[in-house]
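K.L.:
I would like to see how this sequence folds:
(one chain, ligands or ions: 3)
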Amino acid sequence: MMNKKSAIFRLVVLTILLINIVGFALVSFRVYVSLNQYAYIQTEEISVRVNQMVHGIIDSYNQDLAHLESNCREFLPLAKQSALASPYTRSISLTEKQEIFCSTITDEKRIFFRRPSAENLINLHYIPQSPIVKNSDVFLLILNRGNVHVNFGIDTFIFKNILNTDMNYFSPAFFIDGYYISEKRTEAMNTPHLEQYVRVGNPYIDLYYHLDTENYVNYALINYAFMYLMVTVFSFICGFGLNVHLSRIDWQVFAISKALKKRQFVPYLQPVFDRNRNLVGAEVLVRWIHPKVGIISPDDFIPSAEISGQINDIFTQLVEQLVKAFIPYQKHFTDDFHLALNVSAPQLAHPNLIRDCKHILYRLNKHNFHLIVELTERVHIPQDDLYLQGIVNIKNQGIKIALDDFGTGHSSLSYLKKIKIDFIKIDKSFVDMIGEEEFRDHIVANVLDLADRIGVPAVAEGVETEYQQSYLLKHNVAYFQGYFYDRPVSLDMFIERYLRISK
Ligand code: C2E
Ligand code: CA
Ligand code: CA
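P.N.:
Ligands and ions are numbered 1, 2, ... in the order given. Modelled structure (predicted):
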């Protein structure tokens, strides 16, 4: 019993774990895909903002300055106006070779400037040390006009602002001229491993983003905590359901089915004696010979076998063994030998019963051999004609009926009115009371009295002492069975003890 419970418990825990593992993996995969998509979209948006900025600067250049020659006097006033009007440009300057010769900040002052390469028409560069403003870094948008370059100085904070995203779960960055520039820091680019970064195409600047474990965890906790919780709740609901379901299954049915295949059910026989202690018959009591557990008592498996219907196959196997063992010794049966078989009420409606009984009668057909069916009612059965007809069929074969467990709740008393009963078996529980310290004499006396009034011979089962025997003798009990005479024994032992020695 304990084993079954702990096996179910282990299975339930395993199921909960498995659902959690699979569920968490799925949600985490969703987190991975979703954050990557989101980061890519956000970074693309940054790229669009860079383009908007570059195009904004170029548009105002085309509008205000493109028509001008590279003459500083002419260029400067309009350039100053244009710089003021633009949200992005801090300064506009003109360079030729290695020199700035015109700037909205330093006017016509000539300043040495190792100008970066500007192979394209529009080029973006990061200058860590501005040649115009001391101790200041700057982005330069360089327009290539042949010998002369037009430089638009853009504040770094404008780029950093562009890098700002709606979500704080990841950090996009620019890689430019050997510098790593994120919203939070700017540093020479020896730290990042570019292969870990995802590149988002932009014509003017390299734009990358990177997602690390911390980003995923933060994103998952904020956006998917509920889903993780749902997985756990779902796993527990499944575990609970499984537990209820598995607990309801009668696992013994599987074990019985296996035992039937291996023919582990064997008949034991307990002798029955008359008032003069002459052997008059035997009751067949089933035993489950389990290779590991040993001998299993019928009380431990008959209820399951009755509900599952396996009792019918058990009965058939018992009959087969009885017939096979008794055939060679038939002639040693005492006259009027009664072989009693226990039959559960549900068996009455099953065709095996009458077929198996006929089989016994046909094979053990010595004159004056009798078959008794002991009827008990562990499983309550409706007063159905089908069951009643089963008893009638048995009786029609000349088989006798004994009312088992007389006086207890299991007794099939209701049949008394409809069927003529041949024997009453006084239940062991009443015989046990005889000789108890507080002997409840009236209860036993009542039961024995009732049996007497029904007018059929009574068999007392479970007789263990001489005192019980003499008490029962006094109360007109006709037959006796119990450890006082002998225990139920194997077929071989029964034949050895009771058949060979009789003439
Ligand atoms: P039952 O038909 O009332 O059988 C009497 C039980 O009392 C048997 O237990 C028997 O071994 C036991 N017994 C007999 N004399 C004594 C005694 O002096 N002292 C004690 N302490 N016990 C005694 P068992 O064999 O364990 O069977 C239990 C019950 O299982 C039976 O009660 C019967 O209802 C059922 N059963 C046994 N074999 C079969 C079977 O083949 N088919 C069906 N349907 N039920 C069976
Ligand atoms: Ca019985
Ligand atoms: Ca009984």
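
K.L.:
Say whether ligand 1 is contacted by stretch 414-434.
P.N.:
Yes: counting by Cβ under 6 Å from any ligand atom, contacts between stretch 414-434 and ligand 1 involve Lys428. All C-beta spots, glycine's among them, are computed from the backbone N, C-alpha and C.

K.L.:
so how far is the first residue of that stretch from its last?
P.N.:
27 Å (Cα to Cα, to the nearest Å).

K.L.:
Contact residues of the protein facing ligand 1?
P.N.:
Residues of the chain lying close to ligand 1 (Cβ under 6 Å from any ligand atom) are 270, 284-286, 297-299, 302, 311, 318, 342-344, 374, 376, 404-405, 428, 461-464, 481-483, 488.

K.L.:
near ligand 2, which of those show up?
P.N.:
When Cβ under 5 Å from the ion is applied, the members of the residues of the chain next to ligand 1 adjacent to ligand 2 are 342, 374, 404.

K.L.:
from the residues you listed, which single one is nearest Val200?
P.N.:
Asn342 (84.1 Å; Cβ to Cβ).

K.L.:
so what's Gln469 up against?
P.N.:
463, 480, 484 (Cβ atoms under 8 Å, 6 or more residues apart in numbering).

K.L.:
tell me which element it falls in.
P.N.:
helix 466-474 (DSSP states H and E).

K.L.:
Next SSE downstream of that helix?
P.N.:
Immediately after helix 466-474, counting by DSSP H and E, sits strand 479-480.

K.L.:
contacting residues around the helix or strand where Lys258 lies?
P.N.:
Assigned by DSSP H and E, Lys258 falls within helix 252-261. With contacts defined as Cβ under 8 Å, 6+ apart, helix 252-261 is touched by 265, 288, 290, 301, 304-305, 308, 310, 313-314, 317.

K.L.:
From these, list just the buried residues.
P.N.:
265, 288, 301, 304-305, 308, 310, 313-314, 317 (16 or more other Cβ atoms under 10 Å).

K.L.:
quick one: the residue of the stretch 51-200 of the chain found nearest ligand 2 and ligand 3, what's the gap?
P.N.:
Residue nearest to ligand 2 within the stretch 51-200 of the chain (Cβ to the ion): Tyr169, separated by 76.5 Å. Going from Tyr169 to ligand 3 by Cβ to the ion, to the nearest Å gives 75 Å.

K.L.:
Output the longest strand belonging to this protein.
P.N.:
Taking DSSP state E as the criterion, the chain has its longest strand at strand 279-290.

K.L.:
Need the CA coordinates for that strand. PDB is fine.
P.N.:
The C-alpha coordinates for strand 279-290 follow below in PDB (Å, rounded to 0.1, in the frame of the first residue of the first chain):
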ATOM      1  CA  LEU A 279     -14.800 -36.200   7.600                       C
ATOM      2  CA  VAL A 280     -17.700 -35.100   5.400                       C
ATOM      3  CA  GLY A 281     -16.000 -32.800   3.000                       C
ATOM      4  CA  ALA A 282     -13.800 -29.800   2.500                       C
ATOM      5  CA  GLU A 283     -14.000 -26.100   1.800                       C
ATOM      6  CA  VAL A 284     -11.900 -24.700  -1.000                       C
ATOM      7  CA  LEU A 285     -10.000 -21.500  -0.100                       C
ATOM      8  CA  VAL A 286      -7.900 -19.700  -2.600                       C
ATOM      9  CA  ARG A 287      -4.300 -18.700  -2.000                       C
ATOM     10  CA  TRP A 288      -2.200 -16.400  -4.100                       C
ATOM     11  CA  ILE A 289       1.300 -17.800  -4.200                       C
ATOM     12  CA  HIS A 290       3.400 -14.800  -5.000                       C
END
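
K.L.:
Show me which residues of it are buried.
P.N.:
Neighbour-count burial for strand 279-290 [16+ other Cβ under 10 Å]: 279-288.

K.L.:
With stretch 484-497 instead?
P.N.:
Applying 16+ other Cβ under 10 Å to stretch 484-497 flags 484-486, 488-489, 491, 494-495 as buried.

K.L.:
taking those one by one, which sit in strands?
P.N.:
Reading strands off the buried residues of stretch 484-497 with DSSP E, I get Val489.

K.L.:
now, which of the buried residues of stretch 484-497 sits nearest ligand 3?
P.N.:
Pro488 (12.7 Å).

K.L.:
so Thr89 bridges to which residues?
P.N.:
Beta-bridge partners for Thr89, by DSSP bridges, are Ile154.

K.L.:
show me what contacts it?
P.N.:
Applying Cβ under 8 Å, 6+ apart to Thr89 gives the contacts 57, 82-83, 152-154.

K.L.:
can you check Ile100 too?
P.N.:
93-94, 106, 109-113, 131-132, 151.

K.L.:
quick check, nearest of these to ligand 1?
P.N.:
Asn151 (105.4 Å; Cβ to the nearest ligand atom).

K.L.:
So that closest one is in contact with Arg145, correct?
P.N.:
No: using Cβ atoms under 8 Å, Asn151 is not in contact with Arg145; the gap is 10.8 Å.

K.L.:
Looking at these two, which is more packed in?
P.N.:
Neighbours per residue (other Cβ atoms under 10 Å) separate Asn151 from Arg145, with Asn151 holding more: 28 against 15.

K.L.:
my hunch is that the more buried one is in a strand, does that hold up?
P.N.:
Yes: per DSSP: H, G, I helix; E, B strand; the rest coil, Asn151 lies within a strand segment.

K.L.:
pLDDT score for it?
P.N.:
As predicted, Asn151 sits at a pLDDT of 95.

K.L.:
Please work out the average pLDDT along the helix or strand hosting Ile46.
P.N.:
In the assignment (DSSP H and E), Ile46 maps to helix 2-64. Average pLDDT, helix 2-64: 91.

K.L.:
Off-centre distance for it?
P.N.:
28 Å (Cα atoms, centre = their mean, to the nearest Å).

K.L.:
Any residues of the stretch 351-500 of the chain in contact with ligand 2? List them.
P.N.:
Looking at ligand 2, the residues of the stretch 351-500 of the chain close enough under Cβ under 5 Å from the ion are 374, 404.

K.L.:
for the stretch 351-500 of the chain, what spans make up the helices?
P.N.:
351-363, 385-396, 428-433, 441-454, 466-474, 491-494 (DSSP state H, counting those that start in this stretch).
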